[in-house]
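K.L.:
Okay, predicted coordinates and the sequence, questions at the end:
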Amino acid sequence: MAFTLYNAPQSTCSQRVRFVLNAKGLAFAEVQLNLLAGDQLKPDYLKLNPHGVVPTLDHDGAIVIDSNVINEYLDEVAPATRFTPQDPVARARMRALMHFIDEMPAAATRVPTFNLAFLPSFRKMSAPEFEAMAESKPIRREFMKTMGQGGFSQTEMDNALTRLRRTYERMDREIAASGGPWLLGKTITLADVAVMPSLVRMDDLRLADWQDLPRVGAWYDLIRAQPAFKPTYYHGSLLSERFPHLRDELPASTLPLRASRASS
């Protein structure tokens with residue numbers, strides 16, 4: 001089986017798929033796209049993925065898109081190492097969690113990501129350049145226009161971080177109910193892989209907010225200890241490695257929520 005993964009090092013969705021490929025020991029060719037340069041919007045790539053996002057998997061000429069769909073596909077074509085429960089009820093619970101993860105933390109993570117990491121690049125554009133770039137996004141157009149060149153407001157940032165906090169609390173409840181150490185019990189599933197990049201991203205942005213949830217902290221330590229983690233997060237996969245300004249203290253605009261959480 002020949003796999004080619006079109007992805008971006010810092011893309012959280014790409015990191016999901018790289019983790020599963022690495023965990024399964026599947027060799028794959030990696031085509032890295034520069035998202036800020038618009039590689040994902042070029043005609044040749046849009047023929048593969050009309051959504052204009054990463055990742056895209058080419059498996060012997062069969063094209064599969066969407067990170068969660070790709071990971072379920074990989075579990076079907078390479079089942080020796082499985083991330084999907086055999087039990088139908090457990091499988092349904094896993095998929096419900098994956099839906100929650102895409103609706104809550106995955107979406108919320110974009111707000112601090114764009115505000116803190118990508119916004120400086122967008123501010124260098126002229127207004128017509130930014131408008132053209134936003135219009136070119138097949139499924140992120142409205143998101144980009146809402147952000148604009150001024151960035152998301154403090155209220156929008158706070159709302160995103162609050163949604164992430166609710167995610168950690170949901171994770172804590174799921175781990176407690178299943179007996180852990182993973183979300184669904186003793187075995188890692190695609191639900192764990194799906195939420196992993198959001199926690200890594202928030203940790204990288206120094207906005208981790210699960211210190212008072214020891215089950216979540218233990219889960220985070222455990223997933224980072226998996227053999228697939230290090231090759232998935234090769235150098236350049238963290239935003240702080242790609243954007244030098246993130247190595248300094250976060251802007252003051254992100255601090256109020258952190259302070260209020262610490263004092264609550």
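P.N.:
Looks like it arrived, so ask away. Remember, predicted model here, so these are calculated numbers, not experimental data.
K.L.:
is it true that M196 touches Q15?
P.N.:
Yes: counting by Cβ atoms under 8 Å, M196 does reach Q15; the two are 7.3 Å apart. All C-beta atoms are positioned from the backbone trio N, CA, C, and that covers glycine.
K.L.:
helices and strands around the host helix or strand of R215, which ones?
P.N.:
According to DSSP states H and E, R215 maps onto helix 214-224. Applying 3 or more Cβ pairs under 8 Å, 6 or more residues apart in numbering; DSSP states H and E, one finds that helix 214-224 makes contact with helix 154-178, helix 190-204.
K.L.:
Show me the one of those that comes nearest I65.
P.N.:
Among those, the nearest to I65 by Cβ to Cβ is helix 190-204 (15.6 Å).
K.L.:
the helices in the stretch 1-150 of the chain, which residues?
P.N.:
Per DSSP state H, counting those that start in this stretch, the stretch 1-150 of the chain carries helices over the ranges 12-23, 43-48, 67-77, 88-103, 105-113, 119-123, 127-135, 141-147.
K.L.:
and these, which is most packed in?
P.N.:
Compared across the helices of the stretch 1-150 of the chain, helix 12-23 shows the largest average neighbour count, a mean of 24 (mean count of other Cβ atoms under 10 Å).
K.L.:
quick one, it and helix 190-204 angle?
P.N.:
Comparing the axes of helix 12-23 and helix 190-204 via axes from the mean of the first three to the mean of the last three Cα atoms, to 10 degrees yields an angle of 120 degrees.
K.L.:
Quick check: mean pLDDT of helix 12-23?
P.N.:
In this model, helix 12-23 carries a mean pLDDT of 98.
K.L.:
Next: stretch 26-39.
P.N.:
97.
K.L.:
How far does that stretch stretch from one end to the other?
P.N.:
25 Å (Cα to Cα, to the nearest Å).
K.L.:
Rank the helices and strands of this structure by mean pLDDT and give me the bottom one.
P.N.:
helix 255-263 (a mean of 33; mean pLDDT, DSSP states H and E).
K.L.:
where in the chain is pLDDT low?
P.N.:
For the chain, applying pLDDT under 70 flags the ranges 249-264.
K.L.:
what's the spacing between the most far-flung residue of it relative to its centre and Q149?
P.N.:
Most distant from the centre of the chain: P128, at 29.3 Å, with distances by Cα atoms, centre = their mean. From P128 across to Q149, the span is 11 Å (Cβ to Cβ, to the nearest Å).
K.L.:
Then R165?
P.N.:
Counting by Cβ to Cβ, the gap from R165 to Q149 is 28 Å.
K.L.:
swap in D192?
P.N.:
For D192, the distance to Q149 - Cβ to Cβ - is 36 Å.
K.L.:
Who has more neighbours out of those two?
P.N.:
D192 (26 against 16; other Cβ atoms under 10 Å).
K.L.:
so which of the helices and strands packed on helix 214-224 comes closest to T113?
P.N.:
Among these, the nearest to T113 by Cβ to Cβ is helix 190-204 (6.4 Å).
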